[in-house]
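Participant: Model the structure of this input:
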Amino acid sequence: MAYSKILHFSILVISLLFSATIMAQDSPLYLNTICPNNVTKPSSTFQSNLLNLFSSLSSKAKGNTKFYNHTVTSINPSESVYGSFMCRGDIPSLLCQDCIVKATNQLSSACSLSKQAVIWYGECMVRYSNISFFSTIDMMPGFHWCNTANVTNTKSFVSLLFTTMNRTVDEAASPLIGDKNEKFATKEAQDSENQTLYCLAQCTPDLSPNDCRTCLSSAIEKVSKSCDGKVGGRFLYPSCNVRYELYPFYRSITVLSPNELAPRTNDSKQDSKLSEESFYLSYNCSRNHNTITDKNIKLLLSYLLSNATIGKKFHSLKVEEIVYGLFMCRGDLPSRLCVQCVKNATEELYSKCQYSPQGIIWYSHCLLRYSNQYFFNHFETRPMFSDINVTNDPIPDQNLFTNALSNQLSELVNVTGNNDEKFTTNSLILNDKQTLYTVEQCTKDLSTDECNSCLNDMISKEIPWSFLGSVGGRILYPSCNLRFELFKFYMDGDEALLPTRHAEKKTIIFIVVPIIILVMLFSIGYFLIKRWRRKSRKTILRENCKYYLWKNKKVLLKMQFLINFKQV
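Facilitator: Here you go, the predicted structure:
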């Protein structure tokens, strides 16, 4: 019994040492909810009918349906409820189902007393009303969402946007003939800077072609005004919506199989694994006529390094009102690795940029920069470093992996900007063999808006989406950076607390393996000792019994002799 308990404990210890991590799957992106103030009474017939409507919409979404109208009637017409949902035309049925369930749950908790409401996610829309709206164009309320990055050439971009959007609207608003059962379309176009513009338009399928075009034309006009000069934006009505970006936010109609492997970048041996070694990437020194004294450069770099040694991962300062500087370590790293990286960076930057008025250096674990000009609290995009696998020819159809990557990077922007550490990691399962790992980070002096703009600029302008040859790469600005790979290159939780360099890894192996062996030997030894003790007790008892029997036998013989002697 004792042995089985110890064996169970041993197995538990081993299983804890080699436990696995559960990754995140693709999920809907919440945008906005609008509930008017025309409320009903709690526990009313209307409210009961509304809950029945939500249940029906959620159930219908499970049947591979992307658009559905439903009515829950009542004896009193004012208590009847009309509801509808529409999923984006490119998303798979499981994601559509998940989106509708989340949307109805959100409406149930946030708008259950309202007679009318609409909710938008990036992947679907759900609405209801006490008045029938089926097959009727409805452009109230409206909602816009803009990318924070700015276009380089506004005039040429706007011209291309209107041309491409109108082509997209023409296709979306065309009559439903043959196999076409959705008023949904996407189009791409190349701009003068060899970037690809991606456009999407969609109407509820119950609208007439004229009503669909009217709705979409209004949405184009609204988004062009609301998001003027931005690299991306969307405008959503209850009856239609439009969106444009400089990255492929929608899935290709001829998408690859989810089980097909994503093309992987051939990284260097050292960089293709989670490593504590900080690798040099790039540097840049200004070469204008202004100079900074050797004294001030040394003083600045010394101050930065001393702040790294006390556990800081980010610090900015100025020296003698002349030199401004900062360092930033990757947010997942322990302080000991941050210190080593900053030390390497200060030494290398001093040797390469001595007397230069501005300098910046990037390592895989940190960046360090200085300038004779104030650069805090606003994002800068130059100089920059990019390490991405680019093909010579554009890829005709964007595949599942490019879409997953672009959406993953885009969705992390707001998370990173709203994070106090301005640092975010995430993982997304692509198929049964591959997981996409991503990191985004901004310098902590940036506001949420500045951080978002920096990362959006990077995603929209620096990644050649049509020419992206494989999933893997990094982009580094002075104010923000991102990286994406098909292997885990950052640390999680306890990993950041444990040394993992080559020699230290051996130490961990040499410690962990003997512990496991000792636990097993202890279990076996304990069992053998218990068994030996039981055996020893039996042996002693048996020998004592023999001794007493022998002693008693001698006594009995003496008594028998005495009895016989008396009889004689």
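Participant: Arg88 against Ala185, yeah?
Facilitator: No - counting by Cβ atoms under 8 Å, Ala185 is not a contact partner of Arg88; they are 11.6 Å apart. C-beta: built from backbone N, CA, C; applies to glycine.
Participant: Give me the more crowded residue out of these two.
Facilitator: Remark: of Arg88 and Ala185, Arg88 carries more neighbours, 24 against 20, as counted by other Cβ atoms under 10 Å.
Participant: what's the more buried one in contact with, if anything?
Facilitator: By Cβ atoms under 8 Å, 6 or more residues apart in numbering, the contact list for Arg88 reads Cys96, Gly122, Glu123, Cys124, Phe184, Leu200, Gln202, Tyr250.
Participant: got any residues that touch both of Arg88 and Ala185?
Facilitator: Both Arg88 and Ala185 are contacted by Leu200, Gln202, under the criterion Cβ under 8 Å, 6+ apart.
Participant: Point out where this structure drops to low pLDDT.
Facilitator: Scanning the chain with the threshold set as pLDDT under 70 gives 1-26, 38, 253-274, 289, 321, 394-399, 493-568.
Participant: Just give me the residue closest to the centre of it.
Facilitator: Asn426 (3.2 Å; Cα atoms, centre = their mean).
Participant: Find the nearest non-adjacent residue to it, please.
Facilitator: Thr438 (5.2 Å; Cβ to Cβ, 6 or more residues apart in numbering).
Participant: which residues touch the helix or strand where Ala189 lies?
Facilitator: Per DSSP states H and E: Ala189 is located in strand 183-190. With contact meaning Cβ under 8 Å, 6+ apart, strand 183-190 is reached by 88-90, 160, 163-165, 167-174, 176, 196-205, 207, 212, 250, 253, 466.
Participant: That strand pairs with which strands?
Facilitator: Paired neighbours of strand 183-190 in the sheet (DSSP bridges): strand 196-203 (antiparallel).
Participant: can you give me the helices in the stretch 201-350 of the chain?
Facilitator: 209-226, 294-309, 335-353 (DSSP state H, counting those that start in this stretch).
Participant: so who does Tyr82 touch?
Facilitator: Asn69, His70, Thr71, Tyr128, Ser129, Asn130, Ile131, Ser132, Phe133, Phe134.
Participant: Which strand residues bridge it?
Facilitator: Residues in a beta bridge with Tyr82, per DSSP bridges, are Thr71, Ser129.
Participant: distance of it from Gln116?
Facilitator: The gap separating Tyr82 from Gln116 is 10 Å, by Cβ to Cβ, to the nearest Å.
Participant: next one: Tyr250
Facilitator: For Tyr250, the distance to Gln116 (Cβ to Cβ) stands at 29 Å.
Participant: would you list the helices of the stretch 201-350 of the chain in a markdown table and tack on mean neighbour count?
Facilitator: Below are the helices of the stretch 201-350 of the chain laid out as a markdown table (neighbours: other Cβ atoms under 10 Å):
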| stretch | mean neighbour count |
| --- | --- |
| helix 209-226 | 19 |
| helix 294-309 | 17 |
| helix 335-353 | 19 |
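Participant: And those helices: which comes nearest Phe484?
Facilitator: helix 335-353 (20.9 Å; Cβ to Cβ).
Participant: So which other helices or strands are in contact with the closest one?
Facilitator: Applying 3 or more Cβ pairs under 8 Å, 6 or more residues apart in numbering; DSSP states H and E, we find helix 335-353 packed against strand 280-285, helix 294-309, strand 323-329, strand 358-363, strand 366-371.
Participant: Including distance to Pro42, could the ones you listed go into CSV?
Facilitator: As requested, those are exported to CSV (distance: least, Cβ to Cβ, whole Å):
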stretch, distance to Pro42
strand 280-285, 60
helix 294-309, 57
strand 323-329, 52
strand 358-363, 58
strand 366-371, 56
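Participant: do you know which of these lies nearest Thr416?
Facilitator: Nearest of the helices and strands packed on helix 335-353 (Cβ to Cβ): strand 323-329, 13.2 Å.
Participant: Describe which strands that closest one pairs with in its sheet and in which direction.
Facilitator: strand 314-319 (antiparallel), strand 366-371 (antiparallel).
Participant: Need the contact partners of the last one.
Facilitator: To tie it back to what came earlier, the one meant is strand 366-371. Residues outside strand 366-371 that contact it (Cβ under 8 Å, 6+ apart): 278, 292, 297, 300-301, 304, 323-330, 338, 341-342, 345-346, 349, 357-361, 375, 476, 478, 481.
Participant: now the angle from that strand to strand 280-285?
Facilitator: 0 degrees (axes from the mean of the first three to the mean of the last three Cα atoms, to 10 degrees).
Participant: which of the contacts of Arg88 lies closest to Lys230?
Facilitator: Nearest to Lys230 among the contacts of Arg88, with distances taken as Cβ to Cβ, is Leu200, at 15.8 Å.
Participant: Check the spacing between Thr71 and Ser56 real quick.
Facilitator: Taking Cβ to Cβ, one finds Thr71 at 9 Å from Ser56.
Participant: which residues are in contact with both of these two?
Facilitator: By Cβ under 8 Å, 6+ apart, the residues touching both Thr71 and Ser56 are Gly83.
Participant: Need the three-state assignment for the residue lying closest to Leu216 once chain neighbours are set aside.
Facilitator: With sequence-adjacent residues excluded and distances taken as Cβ to Cβ, 6+ apart, Leu216 is closest to Val169, at 4.5 Å. The local conformation at Val169, judged by DSSP: H, G, I helix; E, B strand; the rest coil, is helix.
Participant: Let me have the helices of the stretch 201-350 of the chain in a markdown table, adding distance to Gly417 as columns.
Facilitator: Output for these, formatted as a markdown table (distance: least, Cβ to Cβ, whole Å):
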| stretch | distance to Gly417 |
| --- | --- |
| helix 209-226 | 20 |
| helix 294-309 | 24 |
| helix 335-353 | 22 |
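Participant: Looking at those, which is nearest to Thr104?
Facilitator: Of these, nearest to Thr104 by Cβ to Cβ is helix 209-226, at 23.8 Å.
Participant: Quick one: list the elements packing against the closest one.
Facilitator: strand 143-146, helix 154-172, strand 196-203, strand 233-236, strand 240-245.
Participant: If you count contacts, what does the first one end up packed against?
Facilitator: For strand 143-146, the elements it packs on are strand 30-34, helix 209-226, strand 233-236, judged by 3+ Cβ pairs under 8 Å, 6+ apart.
Participant: between the ones you listed, which gets nearest to Gln408?
Facilitator: strand 30-34 (16.0 Å).
Participant: Hmm, Phe279 is touching Trp362, no?
Facilitator: No - with contact defined as Cβ under 8 Å, Phe279 does not count as touching Trp362 (9.8 Å).
Participant: neighbour count winner among those two?
Facilitator: Taking neighbours as other Cβ under 10 Å, Phe279 and Trp362 compare with Trp362 leading, 24 against 14.
Participant: Now that one: closest residue in space, sequence neighbours ignored.
Facilitator: Excluding the flanking residues, the one nearest Trp362 by Cβ to Cβ, 6+ apart is Leu281, at 4.3 Å.
Participant: cool, Leu436 as well?
Facilitator: Leu436's closest residue in space is Leu428 (Cβ to Cβ, 6+ apart), at 4.6 Å.
Participant: now Leu333
Facilitator: Leu333's closest residue in space is His365 (Cβ to Cβ, 6+ apart), at 5.8 Å.
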